[in-house]
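[1] Here's my sequence, what's the structure:
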Amino acid sequence: MKITTRNFTVPNDLQPYISSVWFCTGTGDAHETSSVQMCLPTGMCELILHTTDKRHTVKWKGEWMEFPEAFLTGVQTERVEWTMTGGTQLMGISIKPEAFVTLFRQSVGELADNYADARDIMNRQFNLLIEQLKAVPGPDIKTLVVWSYFREKIATLIHPERQYFAEAIKYIRCATGTGSVDELCGKVFVGKRQLQRSFQQHLGISPKTYGRIVRFHQAYSYVQQFPDVTWTDISHNFGYADQSHFIRDFKAFAGENPSAFMSGFLPQAKAPFALKL
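    Sure thing, here's the model as predicted:
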């Protein structure tokens, strides 16, 4: 069987909220199962919808299981293995975590390294979005529905007071996760304990861990763009102490060292997964 992916460029006005919209489709016999694929930490929340009646299967807490029709994941700190059969299609919306907190007025702290049925935790308007996405044909029109939905959500926002949590996350991404927590506190003018409590509440992880995820993801994306780059160059370009430091962090998030992983999996642009070669 064959797995294909497609992603859509996010319009400029939605880029502060959405990182990407992607589709992953399994083509082949309905009884044919793919090899084991990987999802990797990106620092984003993922709203994922099955657009057909087929379900993909995920290895969760050591057991293989089918996931709900629509589900939301929080920030992940380790890889997740999955398979799909022919006729399965996934649609994903990669949402920036600070934007999720602002738009939906709820944290994703309890969803760190976890997931929930989207229909159980979101409001009625969100359920209507799911039904609308199921009703319209094809990735292009479904993506237009997503743009429209998020623009309507943004239009209803009352400009909030200064949110140091959101500012801190943006600083981490801009700095490629290389700054210290003390430096971050100075940027957003808040105490270290207060910032750490805010991250635990809203993300379920510490600022330092989020920074490590951001750096890993950006380094991983760079390797995808420039496959001939050396690990030494990556270590230097992304602020790792040395090559061993980079390899340790890569293995912590991807489950194996970069050479072994990249020889077995093909990274997908602007999507949270890598496909088996």
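[2] Can you tell me the centre-most residue of the chain?
    When Cα atoms, centre = their mean is applied to the chain, the residue found nearest the centroid is residue 44 (3.6 Å).
[3] so is residue 113 in a helix, a strand, or just coil?
    Here residue 113 takes the coil state, with states given by DSSP: H, G, I helix; E, B strand; the rest coil.
[4] doesn't residue 80 make contact with it?
    No. When contacts are counted by Cβ atoms under 8 Å, residue 113 is not listed as touching residue 80 (9.1 Å). To be clear about C-beta, it is placed using only N, CA and C from the backbone, and glycine gets the same treatment.
[5] out of the two, which sits in the more crowded spot?
    Using other Cβ atoms under 10 Å, the more surrounded residue of residue 113 and residue 80 is residue 80, with 19 against 15.
[6] Bridged to the nearest residue to that one once chain neighbours are set aside, which residues?
    Excluding its sequence neighbours, the residue lying closest to residue 80 (Cβ to Cβ, 6 or more residues apart in numbering) is residue 39, at 4.3 Å. With DSSP bridges as the criterion, residue 39 is bridged to residue 80, residue 273.
[7] check contacts around residue 39.
    76, 79-82, 272-273 (Cβ atoms under 8 Å, 6 or more residues apart in numbering).
[8] Report the separation between it and residue 248.
    Look at residue 39 and residue 248: by Cβ to Cβ, to the nearest Å, they are 21 Å apart.
[9] how does the chain divide up, domain by domain?
    Split into domains by automatic domain parsing, the chain comes to 2-155, 164-254.
[10] Which stretches in the stretch 1-150 of the chain count as helices?
    Ranges of helices within the stretch 1-150 of the chain are 97-104, 118-121, 124-135, 138-155, based on DSSP state H, counting those that start in this stretch.
[11] which residue ranges form the helices in the stretch 151-277 of the chain?
    Listed in chain order, the helices of the stretch 151-277 of the chain (DSSP H, counting those that start in this stretch) span 164-174, 181-188, 192-202, 207-225, 231-237, 243-254, 258-264.
[12] so who does residue 67 touch?
    Counting by Cβ under 8 Å, 6+ apart, residue 67 has contacts 48, 50, 55-58, 115.
[13] again with residue 104
    122-123, 126.
[14] Could you list the low-pLDDT ranges of the stretch 151-277 of the chain?
    Within the stretch 151-277 of the chain, the stretches falling below the threshold (pLDDT under 70) are 159-162.
[15] just to revisit the earlier point, between residue 113 and residue 80, which contacts overlap?
    With Cβ under 8 Å, 6+ apart, residue 113 and residue 80 have no common neighbours.
[16] doesn't residue 183 make contact with residue 192?
    No. Counting by Cβ under 8 Å, residue 192 stays clear of residue 183, with 10.8 Å between them.
[17] Turn the contacts of residue 67 into a markdown table, columns for pLDDT.
    Listed next are those as a markdown table, based on pLDDT from 0 to 100:
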| residue | pLDDT |
| --- | --- |
| 48 | 96 |
| 50 | 96 |
| 55 | 94 |
| 56 | 95 |
| 57 | 96 |
| 58 | 97 |
| 115 | 95 |
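[18] Put together TSV for those residues, with neighbour count on each row.
    Putting the contacts of residue 67 into TSV (neighbours: other Cβ atoms under 10 Å) gives the following:
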residue	neighbour count
48	23
50	20
55	16
56	20
57	18
58	19
115	18
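[19] which among the residues you listed gets closest to residue 137?
    Comparing these against residue 137 with Cβ to Cβ places residue 50 closest, at 15.4 Å.
[20] tally of neighbours for residue 31?
    By other Cβ under 10 Å, the residues close to residue 31 number 9.
[21] my bad, should have said residue 64
    Count around residue 64 with other Cβ under 10 Å applied: 12.
[22] Can you select the buried ones from the contacts of residue 104 in ChimeraX?
    Selection of buried members from the contacts of residue 104 for ChimeraX, criterion 16 or more other Cβ atoms under 10 Å:
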select :122,126
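[23] who wins for proximity to residue 243 among the helices of the stretch 1-150 of the chain?
    Residue 243 lies closest, by Cβ to Cβ, to one member of those: helix 97-104, at 29.9 Å.
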